[in-house]
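Asker: okay, sequence plus prediction incoming.
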Amino acid sequence: MTSSAREDWLATPGEALGRGTGIGFSVVEDRAALVQEFARQMLAEFAEARAAGRQRVLFIVPVGPTGQYEILADFCMAQRLSLRGLTLLGMDEYLAPDGDWIAEADPLSFRGHLRRHLVERMDHELAPRIIFPHPHRLAEPAAEIAAHGGVDVCFGGVGMCGHIAFNEPPEPGEVVSVEAFAARPTRVLRLSRETRTINAVTATGGDIALLPDQAVTVGMREILSARRIRLFLHRPWQRGVVRRMMHGPVTAAVPASLIQRHGDVAVVATRDVLPSPVPAIG
């Protein structure tokens, strides 16, 4: 790709994001509005699936952005709305040096986050079922998906390197075709330097040593199998990746770009994400 072609899609103005791509794109004011919309969509998708006669509904879900699960739990409690019949498959989880999940009590645990911010805020008879990929039982997510008749919706965010879940792009010099990357299943992997760096900025005060270097993740195979994909972006550092994802070439180097080949994708972003990335010394 020439530098001019690269600049063409990186310079896509905010008001043109998504235009001509077949990917839905909508804008909300800020993070508070984003997580409200996230919770609203989860409820709407569950209601639609149940109205269509689906007794067992499965969503793949992230931890970040954060805030939507408290909204979901509090609404269901106030309305006495049951989420029984809904299974939430957490996208990924950090691993300890011994290769097992980090402890659920660890502040970085995604399992612990969903338990505290969703399940424990709800009466047992109203709460959804929560499952996560296990590093020693990697076939379980595919089996769960099959038992549910497929993934109804994959909700998610997008990492700075373009990952969805922890589907990291190939390392420099590693050649992986789009088809091979799209077929990658649930697996254990080592996190990229980029992911550990930005996650340290957002989760550990910049101390990379506090971030685990391994994780278990659902694969692109599971994500792309979803009937619908819904992504939520609110970080200023996502200005580049949102353009690579929707307007750049489809490539394993930007895992989220593979959504361009999916038939039902929508992105919600805050206004912070809209400006084109412009080099500047801060």
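Answerer: Yep, that arrived.

Asker: next helix or strand past the helix ranked longest in the chain?
Answerer: The residue-count maximum for a helix in the chain (DSSP state H) belongs to helix 31-51. Downstream of helix 31-51, the next assigned helix or strand under DSSP states H and E is strand 57-61.

Asker: avg pLDDT for that following strand?
Answerer: The average pLDDT within strand 57-61 is 99.

Asker: helices and strands around that strand, which ones?
Answerer: Under the contact criterion of 3 or more CB pairs under 8 Å, 6 or more residues apart in numbering; DSSP states H and E, strand 57-61 touches helix 31-51, strand 86-90, strand 153-156. In this view, the C-beta of every residue, glycine as well, is placed from N, C-alpha and C.

Asker: lowest-confidence helix or strand of the chain?
Answerer: Every helix and strand of the chain was ranked by mean pLDDT, DSSP states H and E. The lowest is helix 3-10, at a mean of 62.

Asker: re the thing from before, of all the helices and strands packed on strand 57-61, which one is nearest T270?
Answerer: Closest to T270 of the helices and strands packed on strand 57-61, according to CB to CB: helix 31-51, at 5.4 Å.

Asker: could you list the buried residues of the closest one?
Answerer: For helix 31-51, a neighbour-count test (16 or more other CB atoms under 10 Å) marks R31, L34, V35, E37, F38, A39, Q41, M42, L43, E45, F46, A49 as buried.

Asker: farthest-separated two in those residues?
Answerer: Comparing all pairs in these by CB to CB, the longest separation belongs to R31 and A49, at 27.0 Å.

Asker: mean pLDDT and distance to A266 added to the helices and strands packed on strand 57-61, as a markdown table?
Answerer: A markdown table is the format used below for those (pLDDT from 0 to 100; distance: least, CB to CB, whole Å):
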| stretch | mean pLDDT | distance to A266 |
| --- | --- | --- |
| helix 31-51 | 98 | 9 |
| strand 86-90 | 99 | 19 |
| strand 153-156 | 99 | 10 |
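
Asker: and of those, who's closest to E194?
Answerer: Taking those one by one with CB to CB, strand 153-156 is closest: 17.4 Å.

Asker: gap between that closest one and the chain center?
Answerer: 6 Å (CA atoms, centre = their mean, to the nearest Å).

Asker: give me the contact list for that strand.
Answerer: Outside strand 153-156, the residues that touch it by CB atoms under 8 Å, 6 or more residues apart in numbering are 38, 41-42, 45, 59-62, 91, 164-165, 222-223, 226-232.

Asker: now do the contacts for P135.
Answerer: L95, G99, D100, W101, V188, V216.

Asker: er, Q41 actually
Answerer: Residues near Q41 by CB under 8 Å, 6+ apart: F155, R230.

Asker: list the buried residues for stretch 193-212?
Answerer: T195, R196, I198, N199, A200, L211, P212.

Asker: from V216, how far out is the fifth one?
Answerer: In this structure, A200 and V216 are 20 Å apart, going by CB to CB, to the nearest Å.

Asker: do the same with the second one
Answerer: Taken as CB to CB, the spacing of R196 relative to V216 amounts to 16 Å.

Asker: got it, and the first one?
Answerer: Computed as CB to CB, the T195 to V216 distance reads 14 Å.

Asker: please enumerate the strands of the chain.
Answerer: Using DSSP state E, the strands found in the chain span residues 24-28, 57-61, 86-90, 92-95, 129-131, 153-156, 187-190, 214-217, 228-233, 265-270.

Asker: check what contacts the last one and list those residues.
Answerer: Contacts of strand 265-270 with the rest of the structure, by CB under 8 Å, 6+ apart, involve 17-18, 22-31, 33-34, 37-38, 228-234, 238, 242, 246, 259.

Asker: mind listing what L191 touches?
Answerer: F166, E168, N199, L211, P212, D213, Q214, A215.

Asker: repeat for R56
Answerer: Shown in contact with R56 (CB under 8 Å, 6+ apart): G85, T87, A147, H148, G149.

Asker: which of the residues you listed count as buried?
Answerer: G85, T87, H148.

Asker: dump those to a markdown table, plus distance to G53.
Answerer: Converted to a markdown table, these look like this (distance: CB to CB, whole Å):
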| residue | distance to G53 |
| --- | --- |
| G85 | 11 |
| T87 | 17 |
| H148 | 14 |
